[in-house]
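Asker: Build the 3D model from these lines:
(2 chains)
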Amino acid sequence: MKKGKIVVIIGPTAVGKTKYAIHVAQKLDGEILSADSMQVYRHMNIGSAKPTEEEMAMVRHHLIGEVDPQDEWTAAEYQKEAKRRIDQMFLRGKLPIICGGTGLYVNSLIYDMDFSTAKEDESLRKELQLLADSIGGQALHERLKKVDPTAAERIHPNNIKKMIRAIEVAETAGKGIPAFDGVFEKEGDYDCIMIGLNMNRQVLYNRIEQRVDAMIEAGLADEVRMLLGQGLTEDDNSMKGIGYKELIGFLKSEYSLEEAVKRIKQNSRNYAKRQMTWFRRYKNIKWFDLTDVVSFEKSAEDITAYIREKLVES
RNA sequence: GGCGACAUAGCCAAGUGGUAAGGCAGAGGUCUGCAAAACCUUCACCCCCGGUUCAAAUCCGGGUGUCGCCU
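Answerer: So this is what the prediction gives:
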């Protein structure tokens, strides 16, 4: 039994999701729930490309700037909190509009994913990491083969991170980590109206570079400096975000600002490509090509009209 | 004008007679608790012409180009 309809707007970084989501939310009496692993953090405004204050004031936003950058935040926590917000929106009679580029977060809402199988076991992770460092990934793979053969088949021996989690689940929960395949067709709690935003790759890459330049001009380096001043380091997860990790290197005089900018652009481009690989898997999604948008109003209206249509369908 | 060095994929680069390492970029893909992460796959007949040799990116001659030095 579905709990209700939600709109999901996804697309690669810098494609323009924020603007379109706000437009849709305004027209359809919705609230925006971010599905972004970096925008959740407080004080990370410029680099994570958060909506501006004015934009935030136009529509109610959720899970943007709500977590301290020194705190841990994971997909499991996201799923729990996001579902709670969605329920609240239903209660208020608002249309939930999920908007963001973090694929795993989106999956956690549209599919029936269960992260609760096993909690993280810090000491086991350390032990396994140590094992991998000394003997190599192959040893972990052997161990995984014993406790969860199915996962071992699916996870490459070089992928230490994935093997560690799989072993963690198998050894603490006693059962294997579920495969994505098994859930792919199984839907989650909501009726999802999926909207994909995309544009010609080269055009997107140009936009990304321009946006990075704009971030630098807007004072991204100062933002990072401020965060470091608060005691954050490159080891904090939040500081591993694109735009942050590269600038830390510059601020520590490891390389020039120019080099940092170059790396931010490169990492953003690679990220956008990976996002597209992820999103292309979605079956029931309506893609909108924003390459040759002449008027924002016009395309935003096209998208809104499509959603409106889907909303009245039973 | 003379002398010398070098010419290998979009870029960096190894290879000095036995059938083209590697890295980056690009493209495609995987994904159930760090996901802006982690990982996988893929991508060249070696500047041109001629010669030597069973065999040449590798040796020889010529051409072209780039860089450096000299007058």
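Asker: ok, and the closest non-adjacent residue to the residue nearest to the spatial centre of chain A?
Answerer: If you average the C-alpha coordinates of chain A and look for the closest C-alpha using Cα atoms, centre = their mean, you land on A:T102, 1.6 Å from that point. Taking Cβ to Cβ, 6 or more residues apart in numbering, and ignoring the residues beside it in sequence, A:T102 has A:S37 as its nearest neighbour in space, at 4.5 Å. Bear in mind the C-beta positions are built from the backbone N, C-alpha and C, glycine included.
Asker: Do you have the strands of chain A handy? List them.
Answerer: For chain A, applying DSSP state E gives strands covering A:4-10, A:30-34, A:61-62, A:95-99, A:190-198, A:285-289.
Asker: What residues does the stretch 51-200 of chain A have near RNA strand B?
Answerer: Counting by Cβ under 7 Å from any atom of the strand, the stretch 51-200 of chain A comes close to RNA strand B at A:73-77, A:101-105, A:113-120, A:125, A:154, A:156, A:158-162, A:164-165, A:169, A:177-183.
Asker: From these, which land in helices?
Answerer: Using DSSP state H, the subset of those located in helices is A:75-77, A:103-105, A:125, A:154, A:160-162, A:164-165, A:169, A:181-183.
Asker: Can you go through those residues and name the buried ones?
Answerer: Neighbour-count burial (16 or more other Cβ atoms under 10 Å) is assigned, among those, to A:75-76, A:103, A:105, A:154, A:160, A:162, A:164-165, A:169.
Asker: my guess is A:K5 contacts A:D189, does it?
Answerer: No. Judged on Cβ atoms under 8 Å, A:K5 makes no contact with A:D189 at a distance of 11.2 Å.
Asker: got JSON lines for the strands of chain A, with mean neighbour count too?
Answerer: Converted to JSON lines, the strands of chain A look like this (neighbours: other Cβ atoms under 10 Å):
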{"stretch": "strand A:4-10", "mean neighbour count": "22"}
{"stretch": "strand A:30-34", "mean neighbour count": "26"}
{"stretch": "strand A:61-62", "mean neighbour count": "22"}
{"stretch": "strand A:95-99", "mean neighbour count": "26"}
{"stretch": "strand A:190-198", "mean neighbour count": "21"}
{"stretch": "strand A:285-289", "mean neighbour count": "14"}
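Asker: Which one of the ones you listed lies nearest to A:V212?
Answerer: Shortest separation from A:V212 across these is recorded for strand A:190-198, at 19.2 Å, computed as Cβ to Cβ.
Asker: Having no further points to raise, I will conclude here.
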